[in-house]
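[1] here are the coordinates; sequence isn't available:
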């Protein structure tokens, strides 16, 4: 099926993307597109505008800082899957990343998009709840930190305001003698 027509905004900066979201009534952020595009094809989602953040610099990283594992929202699932830091210290996240769909989806899909979509069937929501993660959102009023326990408000609904963009996921640093596993059957 072909999605309904929409306008497209390619953003080079986070501030421009946030402004674009605020400018249009029915706009959606396009990250990896692995959830949004199929929803549009089946006309289950019909945004008037897609705000593409793929060219925004500084949203793809994995590092530890001040007691947190920080993952940029545009970090591809394959990057998480191949991260030595994640494999060594965050086994549940490593297990989750390696079972997400197939290599094509892992190469295009993003951690932020997986969460922002609000699909309870996606892989990261349960993992982030188990870790007690926080989500960082940026909007016209600046940065906001949302505990993952408050982030999912309904099916395909998150606590993000219409003019906010998920920019980072923070997982508390792993503690000694802790672990986890994702046993996808």
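    On my side now, so go ahead. Note that the coordinates shown come from a computational prediction; the quantities given were computed from them, not determined experimentally.
[2] Only C-alpha atoms from now on, for both contacts and neighbour counts.
    Noted.
[3] So residue 3 is in contact with residue 47, correct?
    No. In this structure, residue 3 is not within contact of residue 47 by CA atoms under 8 Å, at 9.8 Å.
[4] So between these two, which is more surrounded?
    Neighbours per residue (other CA atoms under 10 Å) separate residue 3 from residue 47, with residue 47 holding more: 21 against 16.
[5] Confirm that residue 15 sits in a helix.
    Yes. Assigned with DSSP: H, G, I helix; E, B strand; the rest coil, residue 15 falls within a helix.
[6] Contact partners for it?
    Not one residue lies near residue 15 by CA atoms under 8 Å, 6 or more residues apart in numbering.
[7] buried residues in stretch 64-71?
    Buried residues in stretch 64-71, counted by 16 or more other CA atoms under 10 Å: 68-71.
[8] Among those residues, which ones are in strands?
    Cross-referencing those against strands under DSSP state E gives 68-71.
[9] What strands line up against the longest strand seen in the chain, and which way round?
    Ranked by residue count and defined by DSSP E, the top strand of the chain is strand 165-172. As defined by DSSP bridges, the strand partners of strand 165-172 come to strand 68-72 (antiparallel), strand 134-139 (antiparallel).
[10] what's downstream of the shortest one, the next helix or strand?
    So that's strand 68-72. The C-terminal neighbour of strand 68-72 among helices and strands, as given by DSSP states H and E, is helix 77-81.
[11] mind checking how far the longest strand of the chain is from the chain centre?
    8 Å (CA atoms, centre = their mean, to the nearest Å).
[12] Use 601 as the first number from now on
    Shifting the count to begin at 601 puts that one at strand 765-772.
[13] need the buried residues of stretch 664-671 in a markdown table with distance to residue 765, can you?
    Formatted as a markdown table, the buried residues of stretch 664-671 follow (distance: CA to CA, whole Å):
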| residue | distance to residue 765 |
| --- | --- |
| 668 | 20 |
| 669 | 19 |
| 670 | 16 |
| 671 | 14 |
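[14] Closest one to residue 654 out of those residues, please.
    Closest to residue 654 out of the buried residues of stretch 664-671 is residue 671 (15.4 Å), distances taken as CA to CA.
[15] Find the nearest non-adjacent residue to that closest one, please.
    Closest residue to residue 671 apart from its sequence neighbours, by CA to CA, 6 or more residues apart in numbering: residue 662 at 4.6 Å.
[16] separation between that neighbour and residue 627?
    From residue 662 across to residue 627, the span is 28 Å (CA to CA, to the nearest Å).
[17] next one: residue 727
    28 Å.
[18] the more surrounded of the two?
    It is residue 627, of residue 727 and residue 627, that has more neighbours when counted by other CA under 10 Å, with 22 against 19.
[19] Much appreciated, bye for now.
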